[in-house]
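A.B. asks: Sequence first, predicted coordinates after that:
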Amino acid sequence: MRINSLFFFLVLAAKLVTSQAQADNTSQSLRVIKNSNLFSLSAEFDFKNTGVSTDKVIRTGGLSPRYFYDLFDEDHNFQARGITRALSLGAFYSWGVEIDLYDTEESYIGLIQGELLTRSRAKFSFYDHSGRRTLIAFLNTESPEFLMVSTEDEGVVLAKLKIQSYGDIGTLDVNLLHDSMNIDERAFKIFCAFVTDYNQEFLVPPKVADKSVFGYRSNDN
């Protein structure tokens with residue numbers, strides 16, 4: 001009887017160790033750092049994985065009604081461009097920003113769209129080139145953190161994006177919880193740069209209502 005119990009304990013312990021190792025292998029972290037002076041018309045966003053630079057996004061268009069987010073890989077090769085729409089609520093409210101995405105050949109590859117009808121502080125939907133929604137990002141009510149969730153099951157959190165801001169520096173700590181998020185990686189990186197760019201606005205305390213053209217958007221769940 002004791003031998004059976006010992007065998008069961010060893011099997012259970014082995015499963016727990018294996019599960020933890022798999023979780024560690026699946027979870028990946030990176031940091032996005034915004035570099036921009038107070039009165040600068042542009043900004044750079046460096047992506048770092050364990051301190052090593054991987055990608056970069058450069059935002060321009062400070063005096064125009066649209067922002068341009070250009071993504072470059074670690075070898076400084078242009079990868080994609082995100083362009084904010086001038087005629088949208090995003091011209092007045094960060095939660096309403098809409099970003100059209102294009103590849104190196106200027107072909108349309110998707111859309112990141114801020115949603116008006118939501119009880120969250122902010123909600124962004126990701127669409128591919130065919131208009132199919134592939135991912136949703138909710139701004140956590142209790143903390144300055146975006147939760148990236150599956151469109152099939154919003155209870156499945158695929159990634160967490162934690163916002164921080166101090167001085168002229170804005171950072172975003174990205175924790176990838178799954179190997180695949182079912183979206184174009186370029187769209188995800190441009191969104192990370194956008195969130196880091198607007199970090200001060202997304203840091204607004206959860207209990208403060210956000211006034212919109214339709215009154216006040218509730219911050220309750």
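C.D. replies: Thanks, I have the structure now.

A.B. asks: secondary structure class for the closest residue in space to His178 that isn't next to it in sequence?
C.D. replies: Nearest in space to His178, with sequence neighbours left out and distances taken as C-beta to C-beta, 6 or more residues apart in numbering, is Leu158 at 4.8 Å. C-beta coordinates here come from the backbone N, C-alpha and C atoms, glycine included. Going by DSSP: H, G, I helix; E, B strand; the rest coil, the secondary structure assigned to Leu158 is strand.

A.B. asks: got the contact list for Leu158?
C.D. replies: Leu135, Met148, Val149, Ser150, Leu176, Leu177, His178, Met181 (C-beta atoms under 8 Å, 6 or more residues apart in numbering).

A.B. asks: Glu142 versus the last one, what's the distance?
C.D. replies: By that I understand Met181. 23 Å (C-beta to C-beta, to the nearest Å).

A.B. asks: now the third one
C.D. replies: Note on Val149: its distance to Glu142, by C-beta to C-beta, is 16 Å.

A.B. asks: neighbour count winner among the two?
C.D. replies: Neighbours per residue, other C-beta atoms under 10 Å: of Val149 and Glu142, the larger number sits with Val149, 18 against 7.

A.B. asks: phi, psi of the spatially closest residue to that one that is not a sequence neighbour?
C.D. replies: Leaving out its chain neighbours, the residue that sits closest to Val149 by C-beta to C-beta, 6+ apart is Ile136, at 5.2 Å. Note on Ile136: backbone dihedrals following degrees, to the nearest 10 are phi -130, psi 140.

A.B. asks: Looking at Ile136 now. What's its pLDDT?
C.D. replies: Turning to Ile136, the model gives it a pLDDT of 97.

A.B. asks: again with the one 3 residues further on
C.D. replies: According to the prediction, Leu139 has pLDDT 95.

A.B. asks: Then the one 10 residues further on?
C.D. replies: Here, the pLDDT recorded for Val149 equals 96.

A.B. asks: partners of the strand or helix carrying it in the sheet?
C.D. replies: Secondary structure from DSSP states H and E places Val149 in strand 145-150. Here strand 145-150 is paired, per DSSP bridges, with strand 133-139 (antiparallel), strand 157-166 (antiparallel).

A.B. asks: Deepest-packed of the ones you listed, please.
C.D. replies: strand 133-139 (a mean of 20; mean count of other C-beta atoms under 10 Å).

A.B. asks: And the strands in this protein?
C.D. replies: Remark: strands assigned in the chain by DSSP state E are 28-35, 43-49, 52-60, 68-72, 78-84, 98-102, 108-114, 123-128, 133-139, 145-150, 157-166, 169-176, 210-212, 215-217.

A.B. asks: mind listing what the third one pairs with, with the direction of each?
C.D. replies: So the one you mean is strand 52-60. When DSSP bridges is applied, strand 52-60 pairs with strand 43-49 (antiparallel), strand 68-72 (antiparallel).
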